[in-house]
Every structure is written in structure tokens, then in C-alpha cells.
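Q: Dropping a prediction and its sequence here:
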Amino acid sequence: MNAFRLFRAAVLIALLAGAARAENWPQWRGPNNDGISTEKKLPTTWSKDKNVAWKLTLPGPGSSTPVVWGDKIFLTAQDGKKLVLMCVSTAGKELWKGDLGPMVRSGRPGFGGEGGANPSSSTDGKAVYAFAANGDFAAFDFTGKELWRFNAQERYGKFRIQFGIQSTPVLHGDRLYLQLLHDGGQKVACLDKADGKEKWAIDRESDGRAENKHGYTSPFIWKKGKEAYLVVHGNDYTTAHELKDGAEIWRVGDLNPKGRYNPTLRFVASPVCLPDLIVIPTAKQQGVVGLKPGAKGKVNKGDKSEQWRLARGTPDVPSPLVHDGIVYLVGEGGSLTTLDAKTGKEIYKKQVNSDTHWASPVYADGKIYIQSWGGTTSVVQAGKDYKVLARNTLDPDDTTLASPVISGGRIYLRGYKTLWAIEEKK
């Protein structure tokens, strides 16, 4: 074999090895729904003229985070007066759009609820499941063929919520789990992913009142080995439910203490569920709880099922991230607080960026990627020592509420106007 053929073979092997390592990002918070990617050699710095593989102009705004499977990217967006599910190739070409019904005016303009393309989609590699704030829930195959559809408002009652439905359903096995927490009801439902039909639904009890009935969080699945249960967060409590029938396993209280009740402490940040720890946020810099997943029954402040509980520290919108024994909390105003995951003790608190932050942080390749509303991604070294590696801005005029997505050696960043693919250029 001559030198050229040896070189060509080496390049091919390297490309195949890279493809083998490529990770799908099938749901809002990644492969394990915890905001963590195992991919390596990701870019640290970029700009609109540096390390951009491509950019795609979107038909309209949306705050949903894209999902990626193989060579396809899925995201929802407003398109004129409609909502659509878009399928985009990883080469940056639009492939098809699926109808998700009429756009909705919900919340205040500029607060992430307008239009209705708020919940993120999910995929199992065969179908993609898309939910919108108008209540339309539909499944499509990878060619764009609609598999099933229903409207959650028709099935479970009219939505009555200040800033619009934001909750992303969670896909687990052959089921989809949906939570709808608002003035019109407090529902949790399990659906068959094959046809969208209900397997079970429960009314989730709470003595919460006023704005706290409005839950903007998403449900999550806690897993360890063969054990698994559903975690629902909102209306003053975090609850765990059996996957088979929705029966309640445990309930964490004192998240909005009755003695000093805050009628506006609606939960937006969602819990993060790890095999040996569940980090439960509240809102508006109030309490944070580190819970042992084996809890049972009612869990109030000081219960033995708590790993730790802090009186203050929850970001208002971004969800927590936990990696290598460290909890990362990104504040709405751009602060970064790190905690020891075993004790809850603060390691450091620093101001990363003064912009507004609603996206949830992501870990990959020894770095924490923190996305701001104004299109700046701060890249912070993971670990106990605070170090900002870069601050990268693509378009300061493009509202960016979606969380970063990592797949195939790229970082995908979604604004209201543009979907960007970022990769290290050789």
C-alpha cells in the first residue's frame, strides 16, 4: 500500500471513529436528561465568522430546545400564524415541516410564552413527539408522516396559565408522561407513544394557591438499574409517582413554607434526577433540596431522606446541572453558584455574565456551557476552580432561550431567528 493509500485509510478510520463516538441528543436535556454529554474535542471559542459550520434562518420564534438523532434535527417554531415541527438535516437544510396547529398568544411579549413553540420535542429514533402550548400533541415519523394527534385542552381541560404552557413531556420506554399544572387543573398523564392514547391520568393534589398553581417545569424520570419512577415538580411540592399507575411514592414539602407563604413562588426550574441524588429547585433564589431517591411518604424540612437543604440559592428559570460531585446553579442574572453535591456546601459563587439567563447549562468535554438570552455563550471550566474560558456572541439581537445541544462534535444553538451549528474548524 503506497503512502497516499495509507493516508486515506487513516483518515477514513478517524472519521469512522468520530462517527462511532457521536451522541444523539434525543430530548431537552440530552441523552440521559441531565444536561451531560460525553462528546470530546468540542469548540471553546466561536463567533459569527469563526467555527460556524452553518446557520439556518428560522420561520419564526420559539424557545424549545432542538433534539438530534443521527443526521436529523427537530425543533418547533412559529411559522406565520401556525406552529410547526421542523426537520432539518445536520447539513443545515430544511427537510420538512409538520403542522402543530395555530399559534397562541400567551404570557407577555418577550417573556418566552408568545407564539406557543415552548415545549421541546423528543425522539426514539423512529418517531418524533412534539407538544405545543396550544395543546396540540402529535407524533411524526422521520419522513414527516403524521402518526397520531390529539389536543390536550380538549382531553384535559382548557389551559389557564399566565405565561403559557412550557412543560416538555418526557419519553421513557413505550410511554410519554405529561404534566399540566395550571388554574384549570393539576393533571399528570401517561400516554402510549404508539397512538397517543391515555394509559392513566391522575389529579395531583396540592394546597398551593394563587400563581403557584402555574407550573412551568417538566416531568423527569428517575432511574437506577431496573428501578424507575416519575418526578413531577410544581404547585409547592415535588412528587414521585409509580410509572404503572401514577400512585404517589413520596412528596417533598416545605418548598414554600406556609408560615411565610409566597403566592408568587411558581416553579420554573426543573429538578435534575441522578441515580443517587435528586436536586430540587424552587424559584426566585429560595430553597434548594438535595434528596435521596429512596425517599418514602411525606418529606419535610429536616427529614432523614434529605441529603441537604439550603434556605436560599435557586435560580428562577435555569435548571440545575450536576457533574462529578458538583452542583451548578446558573442564576437568571448570570451568576454561577457551585455546591458540593454530598453536603450542599457552597464552593464558589461568581458573576459570569450580566445578561439574562433562561437556558439550562450543559456539560461536555470538561466545560460548562451557559447560554444567555442575548446570544452569548459563556464557557466555564468544570470543577472547583472558577475559570471562564470564553464568552462567545453570535447575534446580540437574537433572543436565545433554548438550551445548548451537543451532538456529532457540534454545538447547536437556537435563537428566535437562527439555528446555528458550531464546530471546531481544522
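A: Noted; the coordinates are in hand. Numbering: from 1, shown residues only.
Q: contacts, neighbours, all on C-alpha from now
A: Fine.
Q: And for the residue lying closest to residue 322 once chain neighbours are set aside, the neighbour number?
A: Leaving aside its chain neighbours, residue 322 sits nearest to residue 328 (6.1 Å; criterion: CA to CA, 6 or more residues apart in numbering). Residues lying near residue 328 (other CA atoms under 10 Å) number 25.
Q: Residue 339 is in contact with residue 328, correct?
A: Yes. The criterion here is CA atoms under 8 Å, and residue 328 meets it with residue 339 at 6.7 Å.
Q: Any figure for the gap between the residue nearest to residue 322 and residue 28?
A: From residue 328 across to residue 28, the span is 18 Å (CA to CA, to the nearest Å).
Q: And for residue 198?
A: 23 Å.
Q: The stretch 51-200 of the chain: helices as residue ranges?
A: For the stretch 51-200 of the chain, applying DSSP state H, counting those that start in this stretch gives helices covering 152-156.
Q: what about it, any weak spots by pLDDT?
A: Counting by pLDDT under 70, the low-confidence segments of the stretch 51-200 of the chain come to 106-114.
Q: which stretches of it form strands?
A: Here the stretch 51-200 of the chain has its strands, by DSSP state E, counting those that start in this stretch, at 52-57, 67-69, 72-79, 82-89, 94-102, 122-123, 127-131, 136-141, 146-151, 170-172, 175-182, 185-192, 198-203.
Q: Could you please name the strands the helix or strand encompassing residue 328 pairs with and the direction of each pair?
A: Element membership for residue 328, per DSSP states H and E: strand 326-330. Using DSSP bridges, strand 326-330 pairs in its sheet with strand 321-323 (antiparallel), strand 335-340 (antiparallel).
Q: Now do that strand, average pLDDT.
A: Strand 326-330 shows an average pLDDT of 98 in the prediction.
Q: Now do it: distance to the chain's middle.
A: 15 Å (CA atoms, centre = their mean, to the nearest Å).
Q: Identify the residues contacting it?
A: 313-315, 318-322, 336-341, 357, 360-361, 370, 383-384 (CA atoms under 8 Å, 6 or more residues apart in numbering).
Q: Please indicate which of those are buried?
A: 313-315, 318-322, 336-341, 357, 360-361, 370, 383 (16 or more other CA atoms under 10 Å).
Q: Tell me who's in contact with residue 240.
A: Residue 240 makes contacts with 229-232, 248-251, as judged by CA under 8 Å, 6+ apart.
Q: Return the set of buried residues in the strand or helix carrying residue 421.
A: Per DSSP H and E: residue 421 is located in strand 418-422. The neighbour-count check on strand 418-422 (16+ other CA under 10 Å) flags 418-422 as buried.
Q: Give the partner strands of that strand in its sheet and their orientations.
A: strand 52-57 (antiparallel), strand 410-414 (antiparallel).
Q: which one of those strands lies closest to residue 79?
A: Residue 79 lies closest, by CA to CA, to one member of the strands paired with strand 418-422: strand 52-57, at 11.8 Å.
Q: Need the contact partners of the closest one.
A: Outside strand 52-57, the residues within contact range by CA under 8 Å, 6+ apart are 46, 91-93, 417-423.
Q: what's the most distant pair in these?
A: Across those (CA to CA), the longest gap, 21.5 Å, separates 46 and 93.
Q: So for the two, which sits in the more crowded spot?
A: Each of residue 46 and residue 93 has its neighbours counted (other CA under 10 Å); residue 46 has more, 19 against 14.
Q: How about that one, nearest residue that isn't a chain neighbour?
A: Nearest to residue 46 is residue 392, by CA to CA, 6+ apart, at 5.7 Å.
Q: Then residue 192?
A: residue 175 (4.9 Å).
Q: who does the one you found bridge with?
A: Taking DSSP bridges as the rule, residue 175 bridges to residue 172, residue 192.
Q: Based on its surroundings, how many neighbours for it?
A: When neighbours are counted by other CA under 10 Å, residue 175 comes out with 18.
Q: again, but for the one 10 residues further on
A: The number of residues packed around residue 185, counting by other CA under 10 Å, is 18.
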